[in-house]
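*Asks:* no sequence for this one, just the structure:
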C-alpha cells in the first residue's frame, strides 16, 4: 500500500527528460537558496533539526520559494518516509489510504512526513481529519500554502503546527539560482547584462518560474546576446501575484492607504498602480480613496473629499483607462494634503458615548412643545434662541441633563483645522463666561 504514495528517487526520469527545476532541486537544506532566516542554525527549522525535535509545520509563502523542496529535505534529515499529496486532487478515500499506510509503516519502526500541498484547499472537516493522526504520532504533517493560514486553516490544526514563513526570492537569490542553472546547462545564457536583469525581474521572486524562463532562453538558437527589447519580444512578463479577494488585495490597499496617510505621493501612486496592474476594479479604489479623504484628512482640508468625489465622477464618465488618471490625481492630492483624523476620532468617541448613555432624553429646554401638556411639563422652557444672543451664541448645554459635558472633537494645528480650533476655543471661552 505504501508504494502508492512513497516516491523513491529510483523512479526519477532520465536527466535529459527532467525539467531544469527538478534537476536543480537541492540535495541538502544548506543548498536551499533564499530561506536562510528559517534554515540557519538560529532559525526555527535549523533549531528544530539541531535538537532532534521536528514538529508539524505549515510552510506559508508565495509560489516558487522552496516549500516542497524543504519538506523533502526535512524528511531526509529526520529519516522519515516522505509522502506527498495535493489537497486539490485528494479526497477522503485517498486520505484514508495515506493514513493506513502511515500506520503500517509505523508498526515497522518508521515514521511518516506527510506533505500536503495547497493544504488551505481542504475544508474544515477534512482538516479536522488530520488531528488524531498528528496527535498519536502516525504522521508528522507539513502543509504548504500560499494563503494566510490565519484565515484559511482551522484553529485546532494551527494549534498543533508551527507556521514557518518563507519569503519571495530577492534578485540576488535569483541570480545565484541562474548561475546554478548555467552550470547545469554547461553554458552561459545568451543575454546582455541588462536583459539578464530583466529576466530575473520577470520571475517576480519565483524560483521555479525563473528556471522555466531560463529553459526557454537556453533553447534559443541565436548568434549574439539579446538585449532587453529582444528578450521582451520573445518572453511574456509573468503576471504579478494579485488576488482581488485574497490577502494580497488587503496587503496592497493597506500599503496604499498608509502611503497616503504618510504623505508620500510617490509610494501612494506606486501601490495604486500595482493594484490597477493586478486587475483591481477602479471603482473599489475610488471608494477607498474617498474614505481616506474623510478618515485621514477630514476638516484639515475639506476640499479633499470634493476632489475624490469629482475624480470618481470623472472615472464614471470616461471609464478606463482615461478615467484612472483622475483617480491617480486624487491619490496625489490626498498624499500632499494636511492630515487630521480629529473628525474620525470624534465620531468614534461620540458613538461610544451614545452606546454608554442608552436612552437618556435631551434636556427639556431643547425639546419640542407642540401641545399644552408638554408645555406644562416644561418642554421648551428656558430655551435661548442663539440668533438673539450676543455673538449669535447662547452657550446653553445641549447634552442630557444627567450627563457631564464631554469633549469629542480636538482639531489639530494643521490646514483648515487651525481655523476650526480657534472657533472651538472661542466658543469654549464664551460658554465658561456665560456660566453654561
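*Replies:* Ah, there it is. Since the structure is predicted, the reported quantities are computational estimates derived from the model, not experimental observations.
*Asks:* Let me see the mean pLDDT of stretch 173-183.
*Replies:* The pLDDT scores in stretch 173-183 average 95.
*Asks:* wait, stretch 141-153
*Replies:* Mean predicted confidence for stretch 141-153 is 90.
*Asks:* What segments of the stretch 151-300 of the chain are helices?
*Replies:* Secondary structure of the stretch 151-300 of the chain (DSSP state H, counting those that start in this stretch): helices located at 155-159, 171-185, 193-203, 207-218, 228-234, 247-261, 265-277, 282-292.
*Asks:* Throw these into TSV and include distance to residue 22, thanks.
*Replies:* In this view, the C-beta of every residue, glycine as well, is placed from N, C-alpha and C. As requested, the helices of the stretch 151-300 of the chain are exported to TSV (distance: least, C-beta to C-beta, whole Å):
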stretch	distance to residue 22
helix 155-159	30
helix 171-185	11
helix 193-203	17
helix 207-218	9
helix 228-234	24
helix 247-261	28
helix 265-277	31
helix 282-292	40
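*Asks:* looking at those, which is buried most?
*Replies:* Most buried of these, by mean neighbour count (mean count of other C-beta atoms under 10 Å): helix 207-218, with a mean of 20.
*Asks:* for it, packing partners?
*Replies:* Helices and strands touching helix 207-218, by 3 or more C-beta pairs under 8 Å, 6 or more residues apart in numbering; DSSP states H and E, are helix 20-23, helix 171-185, helix 193-203.
*Asks:* domains of this structure?
*Replies:* 2-165, 171-234, 247-336, 359-433 (automatic domain parsing).
*Asks:* And the average pLDDT for the third one is what?
*Replies:* So that's domain 247-336. For domain 247-336, the per-residue pLDDT averages 93.
*Asks:* now the last one
*Replies:* With pLDDT averaged residue by residue, domain 359-433 scores 87.
*Asks:* Stretch 64-84: end-to-end distance?
*Replies:* End-to-end distance of stretch 64-84: 17 Å, with C-alpha to C-alpha, to the nearest Å as the criterion.
*Asks:* So for that stretch, what gets flagged as buried?
*Replies:* 64-75, 77-78, 80-84 (16 or more other C-beta atoms under 10 Å).
*Asks:* Contact partners for the residue nearest the centre of the chain?
*Replies:* The centre of the chain sits closest to residue 251, judged by C-alpha atoms, centre = their mean, with a distance of 2.9 Å. With contact set as C-beta atoms under 8 Å, 6 or more residues apart in numbering, residue 251 has no partners.
*Asks:* re earlier: need the domains of the chain in TSV (columns: distance to residue 344).
*Replies:* Formatted as TSV, the domains of the chain follow (distance: least, C-beta to C-beta, whole Å):
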stretch	distance to residue 344
domain 2-165	27
domain 171-234	36
domain 247-336	5
domain 359-433	10
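*Asks:* and of these, who's closest to residue 352?
*Replies:* domain 359-433 (9.3 Å; C-beta to C-beta).
*Asks:* now the closest one, how far from the centre of its chain.
*Replies:* Relative to its chain's centre, domain 359-433 lies at 45 Å (C-alpha atoms, centre = their mean, to the nearest Å).
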